[in-house]
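Chemist: A structural model of the following input is requested.
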Amino acid sequence: MENDIYIFSHENVLEQIKTARYELGYYILKFYTKDGKPSKEPTDAISEFYLYPTGGTLRDSSMNLVFYDPRYDVYRGFKPPHVNKEAKKNSTTG
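Modeler: I've put the predicted structure just below:
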């Protein structure tokens, strides 16, 4: 069975941020939701969430804190894709 990227898991967070839009300091991710929270199983609703790597926090569409995870915190060693892209671009341009 193919992996459903909208099921909330660490692996799917990492997979989505590879191609997610990054703006204003956060990645826009989408997950199935249950009671307004990301769901680990398929539901009838998919919602946007916002991952802030400068704090390791995931927020909902109202910017309420959903959770903190040090695995996504740049101050704990997380290297988000947009930082890696910028580093590669800068190393080839000068």
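Chemist: Helices along the protein, start to end?
Modeler: Secondary structure of the chain by DSSP state H: the helices cover 10-17, 81-93.
Chemist: worst average pLDDT in these?
Modeler: Lowest mean pLDDT of these: helix 81-93, a mean of 58.
Chemist: residues contacting the residue positioned nearest the centre of the chain?
Modeler: Residue closest to the average C-alpha location in the chain (CA atoms, centre = their mean): L51, at 4.3 Å. By CB atoms under 8 Å, 6 or more residues apart in numbering, the contact set of L51 is 13, 17, 20, 26-27, 29, 57-58, 72. Yep, even glycine has a C-beta here, placed from its N, CA and C like the rest.
Chemist: of all those, which two lie farthest apart?
Modeler: Using CB to CB, the pair of the contacts of L51 lying farthest apart is A20 and T57, separated by 15.3 Å.
Chemist: pLDDT weak spots in the protein?
Modeler: Low-confidence segments of the chain, defined by pLDDT under 70: 1-2, 83-94.
Chemist: so how far is stretch 50-67 from its chain's centroid?
Modeler: On the basis of CA atoms, centre = their mean, to the nearest Å, stretch 50-67 sits 9 Å off its chain's mean C-alpha point.
Chemist: Show me what counts as buried in that stretch.
Modeler: 50-53, 55-60, 66 (16 or more other CB atoms under 10 Å).
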